[in-house]
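In: Here is the input, now give the coordinates:
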Amino acid sequence: PRVMRVSVEGGIIFGIVVMLGFILAFAIGVETGRRNGQAGATKARNTTVAAQKKIGSGIVAPNKPYAIQLVAYRDRSSAVAAVNALKARGIAANVQFENNIYTVCTGSYKNREEAQLSLKRFVSAYNGAFIRKR
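Out: Next up, the predicted model:
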């Protein structure tokens, strides 16, 4: 069997080239992920803004700035699933995206007192539900 002999300098250069290849692959992956993440976040924000303009769906009316926040998620799919479950029960709800959190809200109320009356309906099922101003 023949043994290939490599000088120390050659081994070091080979190691550096391999490490640079890994760094380049990592950088490309990070940039791709960043672009995909920004596109998803922009789409979610645009969806929320479009949904808020639909007053009939239990979202924000210009003169009704209060809502009840039921839950919050870090991923959009969980929030959408929660909204779909609420809609299946006949409850109008929407997803709002802010500060990298997807919140599930329901209702559109003129004042805090009006929202307080509806909050009682949700507290038993959503322990952390609270009134928020949009």
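In: for stretch 126-134, which positions count as buried?
Out: By 16 or more other Cβ atoms under 10 Å, the buried positions in stretch 126-134 come out as Tyr126, Ala129, Ile131. Glycine gets a C-beta too; all of them are placed from N, C-alpha and C.
In: Relative to the whole chain's centre, how far out is stretch 94-102?
Out: 6 Å (Cα atoms, centre = their mean, to the nearest Å).
In: Quick one: end-to-end length of it, please.
Out: 10 Å (Cα to Cα, to the nearest Å).
In: Quick one: mean pLDDT for it?
Out: Mean pLDDT, stretch 94-102: 90.
In: cool, stretch 126-134 as well?
Out: 89.
In: now the end-to-end length of it.
Out: Terminal-residue distance, stretch 126-134 (Cα to Cα): 19 Å.
In: wait, is Phe97 part of a strand?
Out: Yes - counting by DSSP: H, G, I helix; E, B strand; the rest coil, Phe97 is part of a strand.
In: Please name the bridge partners of it.
Out: Listed by DSSP bridges, the beta-bridge partners for Phe97 are Tyr102.
In: surely it meets Arg76?
Out: Yes - using Cβ atoms under 8 Å, Phe97 is in contact with Arg76, at 7.5 Å.
In: coming back round to it: now the buried residues of stretch 126-134 in a markdown table, with distance to Gly37?
Out: Below are the buried residues of stretch 126-134 laid out as a markdown table (distance: Cβ to Cβ, whole Å):
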| residue | distance to Gly37 |
| --- | --- |
| Tyr126 | 28 |
| Ala129 | 29 |
| Ile131 | 31 |
